[in-house]
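*Asks:* fold the following and give me the result.
(one chain, ligands or ions: 1)
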Amino acid sequence: MQLRYKYRLDPAPRHRAALARAFGCARVVFNDGLRARQIAYAAELPYLSDAQLSARLTCAKRTPERAWLNEVSAVVLQQALADLNAAYRNYFASMTGKRAGPKVGPPRFRSRKDHRQAIRFTANARFKILPNGKLRLPKVGAVPVRWSRLLPSEPSSVTVIKDAAGRYFASFVVETGPRALPEIKPVVGIDLGLAHFVVLSDGRKIHSPQFLRRAEMKLRRSHRALSRKRKGSHNRNKARAKVARAHARVADARRDFHHQLSTALIRDNQAVAVEDLAVKALGRTRMAKSVHDAGWSAFVAMLEYKSRLYGREFHRIGRFEPTSQTCCQCGTKGGRKPLHVRTWRCGKCGAWLDRDINAAVNVAKAAGLAVTTCGAQVRPGPAPAPRSEAGTHPRPR
Ligand SMILES: [Zn+2]
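*Replies:* Reported below is the predicted structural model:
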């Protein structure tokens, strides 16, 4: 299986210029391909195949208008087309319901102003890690790398990324065999929560770390400050750079948290089960969806690849299971409950249940995992809803 290893790059001004050119060329090739397919579609012509787009690129490089594409590695341009083809495949698969997870829209044009610029070099491009530790990229040069951890083996490709904060990264793909961990007994169902980041079927509720929540709040404030600045003004540009840096910090902190939690869950359980996010989203307001889904899908993706890597079972509950409505003790459906109902009593067996833990137990059961239901039982009595979940309407912006 494939793993990614990401490191900071410290490109010199000449490297930055060459990378800017490569980002630009990859973008043009991507957009040319997208436009060609859109024109064919509008004219009711057949879908342009991957090979046809590739042939068009070869021709375009011979024309004076696109001759400058020859200044960058040909592999970078082929990979831009591969990205376009993958975006189309994901879109078609999502449209026909063959792809799990949130809906994917049609590919969109790339812009110079996109927050993230990226190009990919495969082994064909003959990129190389030099004995002095620099990364040699064709038609760019030898770029210094901050080797923060060991690269376990020869990488098969490298993606060079420039983020919104102006930082450069190299993300290497490394092929590795599974490293199965010794088999253990515990299994767990996971409910992706709103008041808590996740709730586990064993009764544990896990928050995002305090610093991350604080950083996210600060980010929202700096967004508001940005929107008050006049368009095109010097102050606005300064504020935008500040927001971009805050974004980068929050994204890094969130990724670290996801890594630590997913590693712990995979290490401590033989099998994990989560609800499909598309299913989960049905019960959500638009606001809550936009805030939480991005983080969750990254986290669930980590659970999935780590379970493959360490030889654990991963289950995604894709069918529509009303996990928060069904009593996990006796299986009776209790009907829909508004979000402020945190605990409820099963009308059939009389058990008092914690809404979220009950859902997590049901996720595990739907996956066929043998979990105990005792974690879901609570002492009777109404519990006040946490403030963040009490509202049934999204707060006005
Ligand atoms: Zn019951």
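*Asks:* count the residues that sit near residue 117.
*Replies:* 22 (other C-beta atoms under 10 Å). Using the backbone N, CA and C atoms, a C-beta is placed for each residue, glycine as well.
*Asks:* quick check: phi and psi at it.
*Replies:* Residue 117 adopts backbone torsions of phi -110, psi 140, taken as degrees, to the nearest 10.
*Asks:* was I right about it contacting residue 166?
*Replies:* No - look at residue 117 against residue 166 with C-beta atoms under 8 Å: they stay out of range, at 10.4 Å.
*Asks:* how about the stretch 101-250 of the chain: which residue is closest to the ion?
*Replies:* residue 201 (16.1 Å; C-beta to the ion).
*Asks:* that residue: neighbouring residues, count only.
*Replies:* When neighbours are counted by other C-beta under 10 Å, residue 201 registers 29.
*Asks:* residue 158 too?
*Replies:* 23.
*Asks:* same question for residue 267.
*Replies:* Neighbours around residue 267, by other C-beta under 10 Å: 12.
*Asks:* I'd say it and residue 179 touch.
*Replies:* No - counting by C-beta under 8 Å, residue 267 stays clear of residue 179, with 11.7 Å between them.
*Asks:* and the helices in the stretch 1-150 of the chain?
*Replies:* Counting by DSSP state H, counting those that start in this stretch, one finds helices in the stretch 1-150 of the chain at the ranges 13-42, 50-60, 74-95.
*Asks:* ok, the stretch 151-300 of the chain next?
*Replies:* In the stretch 151-300 of the chain, the helices defined using DSSP H, counting those that start in this stretch lie at 210-228, 234-268, 277-280, 286-309.
*Asks:* of those helices, flag the one that's most buried.
*Replies:* helix 277-280 (a mean of 19; mean count of other C-beta atoms under 10 Å).
*Asks:* quick one: mean pLDDT over it.
*Replies:* When pLDDT is averaged along helix 277-280, the result is 62.
*Asks:* just to revisit the earlier point, columns mean pLDDT on top of the helices of the stretch 1-150 of the chain, output as TSV?
*Replies:* As requested, those are exported to TSV (pLDDT from 0 to 100):
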stretch	mean pLDDT
helix 13-42	96
helix 50-60	95
helix 74-95	94
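*Asks:* and of those, who's closest to residue 353?
*Replies:* Closest of those to residue 353 is helix 74-95, at 34.7 Å (criterion: C-beta to C-beta).
*Asks:* what packs against that closest one?
*Replies:* Under the contact criterion of 3 or more C-beta pairs under 8 Å, 6 or more residues apart in numbering; DSSP states H and E, helix 74-95 touches helix 13-42, helix 50-60, strand 117-122.
*Asks:* pull out the buried positions in stretch 104-121.
*Replies:* 107, 110, 117-121 (16 or more other C-beta atoms under 10 Å).
*Asks:* need phi/psi at residue 314.
*Replies:* Dihedral angles (degrees, to the nearest 10) for residue 314: phi -130, psi 130.
*Asks:* so who does the nearest residue to it once chain neighbours are set aside touch?
*Replies:* In this structure, residue 314 finds its nearest non-sequential neighbour in residue 307, 3.9 Å apart by C-beta to C-beta, 6 or more residues apart in numbering. Residues near residue 307 by C-beta atoms under 8 Å, 6 or more residues apart in numbering: 266, 272, 313-314.
*Asks:* residue 226 now?
*Replies:* 236, 239-240, 243.
*Asks:* out of the residues you listed, which are close to the ion?
*Replies:* Among those, no residue is within reach of the ion (C-beta under 5 Å from the ion).
*Asks:* from the ion, how far off is residue 297?
*Replies:* Computed with C-beta to the ion, to the nearest Å, the distance linking residue 297 and the ion is 32 Å.
*Asks:* hmm, that residue is touching residue 277, no?
*Replies:* Yes - using C-beta under 8 Å, residue 297 is in contact with residue 277, at 5.6 Å.
*Asks:* hang on, isn't residue 78 packed against residue 53?
*Replies:* No - applying C-beta under 8 Å, one finds residue 78 not in contact with residue 53, separated by 10.1 Å.
*Asks:* re the thing from before, if I look at the residue nearest to residue 314, how far off is the ion?
*Replies:* To the ion, residue 307 is 31 Å away according to C-beta to the ion.
*Asks:* returning to that earlier point: joint contacts of residue 267 and residue 179?
*Replies:* Residues touching both residue 267 and residue 179 (C-beta under 8 Å, 6+ apart) are residue 310.
*Asks:* contacts only, for residue 156.
*Replies:* The contact partners of residue 156, by C-beta under 8 Å, 6+ apart, come to 2, 122-123, 173-175.
*Asks:* which of those residues has the largest number of neighbours?
*Replies:* Neighbour-wise, those (other C-beta under 10 Å) top out at residue 122, 18 neighbours.
*Asks:* what's the local residue count around the closest residue to residue 270 other than its chain neighbours?
*Replies:* Spatially, and ignoring its direct neighbours in sequence, residue 270 is nearest to residue 184 (5.2 Å; C-beta to C-beta, 6+ apart). Counted with other C-beta under 10 Å, residues neighbouring residue 184 total 12.
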